[in-house]
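> Predicted model and sequence below, questions to follow.
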There are 2 protein chains.
Amino acid sequence: MLEVRHLRTLIALAEAGTVSRAAERVHLTQSALSHQLKALESHYGLAMVKRHGQSVQLTEPARRLVALGHTVMNELQTAERDLAKLARKPTGTLRIALECHTCFDWLMPIMDAFRKHWPEVELDLVSGFHPNPLALLADNKTDLVIGSENKARRGIVYHPLFRFEVLAVMPTDHRLKTKRYLAAGDFAKETLITYPVPEERIDLIRRVLKPAKIHPRRRTTELTVAILQLVASRRGVAALPNWGIKNYVDYGYVIARRIGKNGLWSNLYGATTGEVARLPFVRDFLETARRECFAKLDGVVPVQ
Amino acid sequence: MLEVRHLRTLIALAEAGTVSRAAERVHLTQSALSHQLKALESHYGLAMVKRHGQSVQLTEPARRLVALGHTVMNELQTAERDLAKLARKPTGTLRIALECHTCFDWLMPIMDAFRKHWPEVELDLVSGFHPNPLALLADNKTDLVIGSENKARRGIVYHPLFRFEVLAVMPTDHRLKTKRYLAAGDFAKETLITYPVPEERIDLIRRVLKPAKIHPRRRTTELTVAILQLVASRRGVAALPNWGIKNYVDYGYVIARRIGKNGLWSNLYGATTGEVARLPFVRDFLETARRECFAKLDGVVPVQ
DNA sequence: CATAACTTATGAATGTGTTTCATAATATTC
DNA sequence: GAATATTATGAAACACATTCATAAGTTATG
């Protein structure tokens, strides 16, 4: 009766908090998940979710099954990794180029795990700034580019990773703190603190400020913590992924506000050549990245 | 892609040795399993079985998946046990009455495991000989009767366990050792060594010798090893389950022959009242018994 | 060596069971 | 109170696992 699909569903539900969002995550409809849950409940004679206003809470039996799900999914991934190694000696390189600075934050633990799982594969980060990272793929200077671009190009395949919201970060006593969300005009008089990259690489500028013809002062620094430091000490405002600043907001170090009524959302993709996309260890890397980000990063949803 | 059903199939295949017998074990057709295997092979790009004449041998990838299957099935059973405990405090008793002597051999380790898994349940063996064990159920003197009877009776449900072959056991130098199988007449001049139970309880007598009006001498003893001892020292022949004597035959201590052209087969059932059948720990016990017996006992097949 | 009794493989048909669709019901937000 | 979320549910659609029918290949046996 219990199948892997039920475990996937329950894990997604535990992470997403609502049936609808869990459904997106497992690429099914809300209805399908509702039926699945009903089937589980009637089979075990136990409630799996307790409706709690807008969201659902998992019951103890459901949490037990989630625990089962985690161990099963781990065992399964390990086994499939072993099969991939049996199919072919997994030698090769995985050079990763990053288009977005904050990605470092989630990438590190995943690279560490990868090194353990595929000791035979040479893992590398392509360092330095590159005006056109996708060109590195064609030039065989990298194997994987992580960024938000997904324009169709011949020979390049995009692997959707996840979608996240970019929030405006401000000092706790900022004059705009009462606003529910910020409009382009609100940035006119601000200093924008960013990573040292061209304007086109900064979502807020490219997609919100430039179209509104607003050009705030800019100040740049390399590290996320440095940006937050500057924001907290009232040197300006920043725009950062919600999962990157969650801890600082929860701690009351800075405050965050939505950008525009529906928020400023960004998709993240992994881009490879078609050939590289077929390598088992690359697929494993991408799958792990997705899984771990959905599990560990807050407010992350599937692409689209 | 990989689902629990594939793992069940591969485990059954590892235990049964042929696709057809594995299919019986998982209650599917041979064709279904063949399709499943084909799907696995094309999905992983790896062969799962190597045809080896009449039987199949699992390849390394398949064995890896069987290992995965074992851990997954264990985790799964543990989780479902936990769910059952969450549904209701599992207090109660499980008193087991045995209709067949040899069943002790496989029952012991299963009872040990049960005690670990359900410490709250009082486990007991109903000792002594009982002319009509099924009556004990109605009298509430036992909760479970293990035997080969399955005549429909109101209020009693039978849970198929497994089917095994009863073989004639003889000293290595017996005059009948050249025969491929023994007929009823062959027993006429033999001494039959059995457990100390009435004739009707001995399959060989009830189903083979009595219909042929053959009544050999009988000599009885309590323990299986004692029976084998007597056989080996030429005091007579015995009829025992194949899995009970496998080691002694392999070691060359005694020899075993089929009884009748198609062999003498016996079905084993667990009998309970309808009420007891619903208790989670009883279902768990029966499921574990089946699983372990199929895994550990040689030449055991599903009932029917 | 031929036949019987086993195996497994395979394509087409079947049928079960999951998913989607459409919609109702209910809660939350502004 | 309207708008926008959420989940629940029965019926319809669809996917896909299983069965059926059958072929083709081994192994045993007289």
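Ah, there it is. None of the values given here were measured: they were computed from a predicted structure. Numbering: from 1, shown residues only, chains lettered A, B, ... in the order given.

> now the helix or strand containing A:Ala67 and helix B:60-87, what's the angle there?
Taking DSSP states H and E as the definition, A:Ala67 sits inside helix A:60-87. Using axes from the mean of the first three to the mean of the last three CA atoms, to 10 degrees, the inter-axis angle of helix A:60-87 relative to helix B:60-87 is 180 degrees.

> Does helix A:60-87 reach DNA strand D?
No - applying CB under 7 Å from any atom of the strand, one finds helix A:60-87 separated from DNA strand D by no less than 12.4 Å. Where C-beta positions appear, they are placed from N, C-alpha and C, glycine not excepted.

> buried set for that helix?
For helix A:60-87, the neighbour count (16 or more other CB atoms under 10 Å in any protein chain shown) marks A:61-62, A:64-69, A:71-72, A:75-76, A:79-86 as buried.

> Relative to the centre of chain A, find the outermost residue for me.
Ranked by distance from the centre of chain A (CA atoms, centre = their mean), the top residue is A:Gly45, with 36.3 Å.

> residues contacting the residue lying closest to that residue once chain neighbours are set aside?
With CB to CB, 6 or more residues apart in numbering or on different chains as the criterion, A:Gly45 has its nearest non-adjacent residue at 5.6 Å, and that residue is B:Ala87. By CB atoms under 8 Å, 6 or more residues apart in numbering or on different chains, the contact list for B:Ala87 reads A:44-46, A:61, B:280.

> could you dump those to a markdown table with pLDDT, secondary structure and distance to DNA strand C?
Listed next are the contacts of B:Ala87 as a markdown table, based on pLDDT from 0 to 100; DSSP: H, G, I helix; E, B strand; the rest coil; distance: CB to the nearest atom of the strand, whole Å:
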| residue | pLDDT | secondary structure | distance to DNA strand C |
| --- | --- | --- | --- |
| A:Tyr44 | 94 | helix | 14 |
| A:Gly45 | 93 | coil | 17 |
| A:Leu46 | 94 | coil | 18 |
| A:Pro61 | 95 | helix | 19 |
| B:Pro280 | 94 | helix | 21 |
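
> Tell me the residues of the stretch 151-300 of chain A that contact DNA strand C?
Counting by CB under 7 Å from any atom of the strand, the stretch 151-300 of chain A sits next to DNA strand C at A:Arg180.

> Show me where the stretch 151-300 of chain A has its strands.
A:156-170, A:181-182, A:191-194, A:217-220, A:238-241, A:255-259, A:264-273 (DSSP state E, counting those that start in this stretch).

> Of these, flag the one that's most buried.
Of the strands of the stretch 151-300 of chain A, the one with the most neighbours on average (mean count of other CB atoms under 10 Å in any protein chain shown) is strand A:238-241, at a mean of 24.

> Tell me the strands beside it, with direction?
As defined by DSSP bridges, the strand partners of strand A:238-241 come to strand A:156-170 (antiparallel).

> Pull out the C-alpha coordinates of the strand it pairs with and format them as CSV.
What follows is strand A:156-170, C-alpha atoms only, in CSV (Å, rounded to 0.1, in the frame of the first residue of the first chain):
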residue,chain,number,x,y,z
ILE,A,156,22.5,24.3,-23.7
VAL,A,157,20.0,22.6,-21.4
TYR,A,158,18.6,24.4,-18.4
HIS,A,159,17.8,22.4,-15.2
PRO,A,160,15.3,24.3,-13.1
LEU,A,161,16.5,24.5,-9.5
PHE,A,162,14.1,26.7,-7.5
ARG,A,163,12.4,30.0,-7.3
PHE,A,164,12.8,32.5,-4.5
GLU,A,165,11.8,36.0,-3.5
VAL,A,166,14.2,38.9,-3.4
LEU,A,167,13.4,41.2,-0.5
ALA,A,168,14.4,44.7,0.3
VAL,A,169,16.5,44.8,3.4
MET,A,170,16.5,48.0,5.5
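
> quick check: angle from that strand to strand A:255-259?
Per the same axes, to 10 degrees, the angle that strand A:156-170 makes with strand A:255-259 is 130 degrees.

> Check whether strand A:156-170 comes near DNA strand D.
No - Strand A:156-170 is not in contact with DNA strand D by CB under 7 Å from any atom of the strand; minimum separation 13.7 Å.
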